[in-house]
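Peer 1: I'll drop the sequence and a predicted model, then ask my questions.
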Amino acid sequence: MSLLKISNLSMNYHSLKGETKALNNISFEVNDGEFISILGPSGCGKSTLLNIISGLLEASSGTILYKNEDIKNNLNKIGYMFQKDHLFEWLNVWDNVLIGLKIKKLITKEAIERVTELLQTYGLSKFKEHYPSELSGGMRQRVALIRTLALNPEILFLDEPFSALDYQSRLLVCDDVFKIIKKEKKTALMVTHDISEAISTSSRILVLSQRPAQIKKDVDIIFSKKDITPFERRKEPEFRGYFNDLWKELDQSNE
């Protein structure tokens, strides 16, 4: 079932120097349960595309439908994880994960029970009274994800969520986030410039060209071993083949 349908999306920026075309006629669908990565060279418009779909920016043209309705009427179905965790340093873990519910006035007994269960399930219940400065980078990202999941979105948008971490932490946190998304049965759309990250997490990868961005290739990612983690995928024989193919696509984009 198609959750999200993007049709003929284009974006132009205007300045005193003239017009800059960022996105050019982009169309694709996101189906229920998919984990799709948008992969492309730096500066090609990946984050711009995600910001338009999530309602943070207005497209110059094109349509975005969520379950065949205008996305603007369904923004509460979207959860967003940014490049940085954006935790409030003066709030403890418990208050950080509740902040979205408080802002939207959705604090109920059921919501509190859900947050409590999420913290317990993902190993953070003992850290409820800790402040962000007392947490590792990986724990901070888990707190940020639980804060997003507390609102019970149907689809998650992830804008390079691991880019602020060192390489080892990045691998571990990527595994954590992937497992949580799968366990919670969420659909995900992630922006990344990291080929390995895209292959290890995704069921499909959309490769964007240089600006003005177009979809160059739509790649299904299939591993013979099912239900394995991103870290385990990196060791599988199919991984290298996908990596080489996608590297060529990105290399051509940079020419």
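Peer 2: That came in fine, so what should we check first? Numbers count the residues shown, from 1 in each chain.

Peer 1: and stretch 157-171, C-alpha only, in CSV?
Peer 2: Coordinates of each C-alpha in stretch 157-171 appear next as CSV, following Å, rounded to 0.1, in the frame of the first residue of the first chain:
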residue,chain,number,x,y,z
PHE,A,157,11.9,11.1,8.1
LEU,A,158,15.6,10.9,8.9
ASP,A,159,17.9,13.7,7.7
GLU,A,160,21.5,12.2,8.0
PRO,A,161,20.7,11.2,11.6
PHE,A,162,24.2,9.7,12.2
SER,A,163,26.4,12.3,10.6
ALA,A,164,27.4,14.0,13.9
LEU,A,165,28.8,10.7,15.3
ASP,A,166,32.3,9.2,15.1
TYR,A,167,32.6,6.1,12.8
GLN,A,168,32.3,3.4,15.4
SER,A,169,29.4,5.1,17.2
ARG,A,170,27.7,5.7,13.8
LEU,A,171,27.7,1.9,13.1
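
Peer 1: pLDDT averaged over that stretch - what is it?
Peer 2: Averaging pLDDT along stretch 157-171 yields 85.

Peer 1: buried residues in it, which are they?
Peer 2: By neighbour count on 16 or more other Cβ atoms under 10 Å, the buried set for stretch 157-171 is 157-162, 165, 170-171. In this view, the C-beta of every residue, glycine as well, is placed from N, C-alpha and C.

Peer 1: then stretch 182-198?
Peer 2: If you call a residue buried by 16+ other Cβ under 10 Å, then stretch 182-198 has these buried ones: 184, 186-198.

Peer 1: tell me the confidence at Pro212?
Peer 2: 89.

Peer 1: kindly report the same for Leu124.
Peer 2: On the pLDDT scale, Leu124 gets 90.

Peer 1: who touches it in this structure?
Peer 2: Residues near Leu124 by Cβ atoms under 8 Å, 6 or more residues apart in numbering: 93, 139, 142-143, 146.

Peer 1: quick one, helices of this protein?
Peer 2: Assigned by DSSP state H, the helices in the chain fall at 46-53, 93-103, 109-121, 137-149, 167-183, 195-201, 230-233, 237-253.

Peer 1: quick one: the last one to chain centroid distance?
Peer 2: Chain-centre distance of helix 237-253: 21 Å, with Cα atoms, centre = their mean, to the nearest Å.
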